[in-house]
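Novice: Structure for this input, please:
(chains A and B)
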Amino acid sequence: EAAVTQSPRSKVAVTGGKVTLSCHQTNNHDYMYWYRQDTGHGLRLIHYSYVADSTEKGDIPDGYKASRPSQENFSLILELASLSQTAVYFCASRELREGNTGQLYFGEGSKLTVL
Amino acid sequence: GDSVTQTEGQVALSEEDFLTIHCNYSASGYPTLFWYVQYPGEGPQLLFRASRDKEKGSSRGFEATYDKGTTSFHLRKASVQESDSAVYYCALSDPGSSSFSKLVFGQGTSLSVVP
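Specialist: Coordinates of the predicted model:
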């Protein structure tokens, strides 16, 4: 069974503080993704990676950094958290060999509240 | 760029009602289309997908047919149950564009089914 685990599951941060969301996958998948979920906007891609030590910008990368130190781990970093970054964040993985037909396997989400 | 539009933001039904959630897409290539379902407190999970014109995807009583002519992939179920209450996302992955390596999601439709 595919497994993507996120930590923390919930976090309260202060405006201007640094936040790191972590993701670990045991699927041996090449691709990893960070999506943000907001009511009315659905799921929007922040950053993704197809190989360790390399990351790519998604559709809404401003205010976020990403790090992929190994195939299994992918972090999302908010250097200066802002109120507008309050949201639920999802990590996902995907098998490269399946090409564009491949499905995403999601984690359970990390709820971030910035005060 | 590629995009997915779901017409209904929220749908409220009674058990045994017929469900339709509309999904239209815009893509430069010949995309694979997906339906994902997200139950409360969980990450999205694949419901089913389709990659060719007129191909029907189906799972758990839900179905959708890939229609390249009308660029649509509408989700239908003949008789919904309370357990179907969830958020449903339509998505695409387009091999002919930069979104090959990522999925583009619609805004999501929140389905509420009452007994």
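Novice: Now do the SS call for the nearest residue to B:P95 once chain neighbours are set aside.
Specialist: Spatial nearest neighbour of B:P95, chain neighbours left out: A:N100 (4.3 Å); criterion: CB to CB, 6 or more residues apart in numbering or on different chains. In this view, the C-beta of every residue, glycine as well, is placed from N, C-alpha and C. Reducing the assignment at A:N100 to three states with DSSP: H, G, I helix; E, B strand; the rest coil gives helix.
Novice: Relative to A:P61, how far out is A:N100?
Specialist: 22 Å (CB to CB, to the nearest Å).
Novice: and the two? which has more neighbours close in?
Specialist: A:N100 (21 against 16; other CB atoms under 10 Å in any protein chain shown).
Novice: and the longest strand seen in chain A, what's its mean pLDDT?
Specialist: Longest strand in chain A, counting residues (DSSP state E): strand A:42-51. Here strand A:42-51 scores 93 as its mean pLDDT.
Novice: same for it, what does it pack against?
Specialist: strand A:31-38, strand A:54-57, strand A:65-67, strand A:73-78, strand B:86-93, strand B:104-105 (3 or more CB pairs under 8 Å, 6 or more residues apart in numbering or on different chains; DSSP states H and E).
Novice: Looking at these, which is nearest to A:K18?
Specialist: strand A:73-78 (6.7 Å; CB to CB).
Novice: Using CSV, write down the CA coordinates of that closest one.
Specialist: Provided in CSV are the C-alpha atoms of strand A:73-78 (Å, rounded to 0.1, in the frame of the first residue of the first chain):
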residue,chain,number,x,y,z
ASN,A,73,11.7,13.2,1.8
PHE,A,74,10.3,16.6,0.6
SER,A,75,9.9,19.6,2.8
LEU,A,76,8.0,22.9,2.3
ILE,A,77,9.5,25.9,4.0
LEU,A,78,7.8,29.2,4.8
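Novice: for the record, mean pLDDT for it?
Specialist: 98.
Novice: could you measure the residue in chain B positioned nearest to chain A against A:Q37, distance?
Specialist: Nearest to chain A, among the residues of chain B, is B:G43, at 3.2 Å (CB to the nearest CB). As judged by CB to CB, B:G43 and A:Q37 stand 9 Å apart.
Novice: what's the overlap in contacts for the two?
Specialist: A:F90, A:G109 (CB atoms under 8 Å, 6 or more residues apart in numbering or on different chains).
Novice: Please pull out the lowest mean pLDDT helix or strand from chain B.
Specialist: strand B:104-105 (a mean of 92; mean pLDDT, DSSP states H and E).
Novice: following that one, which helix or strand comes up?
Specialist: strand B:109-114 (DSSP states H and E).
Novice: What is the neighbour count of the residue nearest to B:E42 when sequence neighbours are not counted?
Specialist: Leaving aside its sequence neighbours, B:E42 sits nearest to A:E108 (CB to CB, 6+ apart; 6.0 Å). Using other CB under 10 Å, the number of residues around A:E108 comes to 14.
Novice: Test my guess that A:E108 contacts B:G41.
Specialist: Yes. Taking contacts as CB atoms under 8 Å, A:E108 lies within contact range of B:G41: 7.3 Å.
Novice: Excluding residues flanking it in the chain, which one is nearest the residue in chain A that chain B sits nearest to?
Specialist: Nearest residue of chain A to chain B (CB to the nearest CB) works out as A:F106 at 3.2 Å. Computed as CB to CB, 6+ apart, the closest residue to A:F106 that is not its neighbour in sequence is B:G43, at 3.2 Å.
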